[in-house]
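Novice: Have a look at this prediction, sequence included:
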Amino acid sequence: MAANGYGPFWSALMSAIGFGGSMQYVAITLLVTAFDPLQAFLLAVMVNARHIFYGLSMLDKYKGLGKVRPFLIYVLSDETFSLVSTLDPSEGVERKDFYFWISLLDYSYWIIATALGGLLGRFLTFDTTGLDFALTALFVVLFLEQWKKENRPAGVIGLACAAVSLAVFGPDNMVIAAMVLILAVLLGGRKKLCT
Amino acid sequence: MYLTPLQTLIMILAVAAGTQLTRWLPFWMFPENREPPAWVLYLGRVLPAATMGLLVVYCLKGVSWTNPPHGAPELLAILTVVVLHRWKGNVLLSIAGGTALYMLLVQVIFA
């Protein structure tokens, strides 16, 4: 954001309200073009459509959690979803606390990191090229953790449908296509996959 | 800065509204005081694994497979993550090891 003339205050505000990973990168391009809130809204829905999958997966886990539930839904991000859907609280830890702290920590890391990025971005001297691979590595690790949980066919279906969508629709339009394809295959194969 | 502060704020709120809609929609459709239909519960069980597969491919969407180095840094780094994770099973070690190798590969070896 700093590269486009916005100070750290705007970076942090964007993170706190618009909290949504990749959408913030897209939003930066919106902030330097014409003023069109409706387009911004629709684009955010499209880019973040994957959250619908996260919500469906968490319906059961986020049941009966009382006051923290709206907060958990408000900040449900890629990272939080990945962690809470894959890991189980260790013994003696309340489910509610476990979900709450993972969500809160992810949320605050994100805001602090973007504000720091806005402040310190220009002083960063070492070459960070490739550092963003950490996110890929995280998803690979969580894919392996799901693999251990006997969800193998579903994992392979996810990989295959996404690869097909990428090949057919290209990098900019793959997500929605992949989601539709994954839903179709999972629901179509329900009898076989339901164990 | 091309927009006024007020316009910027409105744009941020529009993006936030769109993002939040995608987060709340499933919870609105299937409120917690009612048991969701069986197919929704089934999706809740199988979607995390499928979504993780989708996210891995999504992260690799910018890789050019036809031009050198043909995705070699990505594939080597992912292989390292898999081997490290199988061997030690430590989430942080697997991520740090894979990322460090990837940075070395793109900055030095395939630069």
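Specialist: Looks like it arrived, so ask away.
Novice: what mean pLDDT does stretch A:81-93 have?
Specialist: With pLDDT averaged residue by residue, stretch A:81-93 scores 81.
Novice: can you list contacts of it?
Specialist: For stretch A:81-93, the external contacting residues (Cβ atoms under 8 Å, 6 or more residues apart in numbering or on different chains) are A:54, A:57-58, A:61, A:95, A:97-99, A:102-103, A:106, A:138-139, A:142, A:145-146, A:149, B:48, B:51-52, B:55. All C-beta spots, glycine's among them, are computed from the backbone N, C-alpha and C.
Novice: cool, stretch A:98-109 as well?
Specialist: Contacting residues not belonging to stretch A:98-109 are listed as A:19, A:61-62, A:65, A:68, A:71-72, A:75-77, A:79-80, A:83-84, A:89 [Cβ under 8 Å, 6+ apart].
Novice: Report the buried members of these.
Specialist: Of the members of the contacts of stretch A:98-109, the ones counted as buried by neighbours, 16 or more other Cβ atoms under 10 Å in any protein chain shown, are A:19, A:62, A:65, A:72, A:75, A:76, A:77, A:79, A:80, A:83, A:84.
Novice: which of these lies closest to residue B:18?
Specialist: Here the nearest of the buried ones among the contacts of stretch A:98-109 to residue B:18, counting by Cβ to Cβ, is residue A:19; it sits at 12.1 Å.
Novice: In terms of pLDDT, where does the residue nearest the centre of chain A sit?
Specialist: Closest to where the C-alpha atoms of chain A average out (Cα atoms, centre = their mean) is residue A:78, at 2.1 Å. With respect to pLDDT, residue A:78 has a value of 78.
Novice: gap between it and residue B:5?
Specialist: In this view, residue A:78 and residue B:5 are 29 Å apart by Cβ to Cβ, to the nearest Å.
Novice: Helix or strand next in line after the helix or strand of chain A with the lowest mean pLDDT, which one?
Specialist: Ranked by mean pLDDT, DSSP states H and E, the helix or strand of chain A with the weakest confidence is helix A:22-31, at a mean of 62. From helix A:22-31 onward toward the C-terminus, using DSSP states H and E, the following helix or strand is helix A:37-47.
Novice: Could I get the CA-only coordinates of that following helix as CSV?
Specialist: C-alpha atoms of helix A:37-47 as CSV (Å, rounded to 0.1, in the frame of the first residue of the first chain):
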residue,chain,number,x,y,z
PRO,A,37,-17.8,0.9,-4.5
LEU,A,38,-20.2,-1.5,-6.1
GLN,A,39,-17.5,-3.0,-8.3
ALA,A,40,-15.3,-3.3,-5.2
PHE,A,41,-18.1,-5.1,-3.3
LEU,A,42,-18.7,-7.6,-6.1
LEU,A,43,-15.0,-8.2,-6.6
ALA,A,44,-14.6,-8.9,-2.9
VAL,A,45,-17.5,-11.4,-3.0
MET,A,46,-15.9,-13.2,-6.0
VAL,A,47,-12.3,-13.2,-4.6
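Novice: Report the buried residues of it.
Specialist: Residues of helix A:37-47 classed as buried: A:37, A:40, A:41, A:43, A:44, A:45, A:47 (neighbour count, 16+ other Cβ under 10 Å).
Novice: is it anywhere near chain B?
Specialist: Yes: part of helix A:37-47 sits close enough to chain B to count as contact by Cβ under 8 Å from any Cβ of the partner chain, namely A:37, A:38, A:40, A:41, A:42, A:43, A:44, A:45.
Novice: Pretty sure the first one sits against residue B:12.
Specialist: No: the pair residue A:37 and residue B:12 fails to qualify as a contact (Cβ atoms under 8 Å) at a distance of 9.6 Å.
Novice: Let me see the contact set for residue A:164.
Specialist: Contacts for residue A:164 (Cβ under 8 Å, 6+ apart) come out as A:178, A:181.
Novice: what about it, is that helix, strand or coil?
Specialist: State at residue A:164, reduced to three classes by DSSP: H, G, I helix; E, B strand; the rest coil: helix.
Novice: In chain A, where is pLDDT below threshold?
Specialist: Counting by pLDDT under 70, chain A contains low-confidence ranges at A:1-6, A:18-33, A:46-47, A:121-125, A:150, A:194-195.
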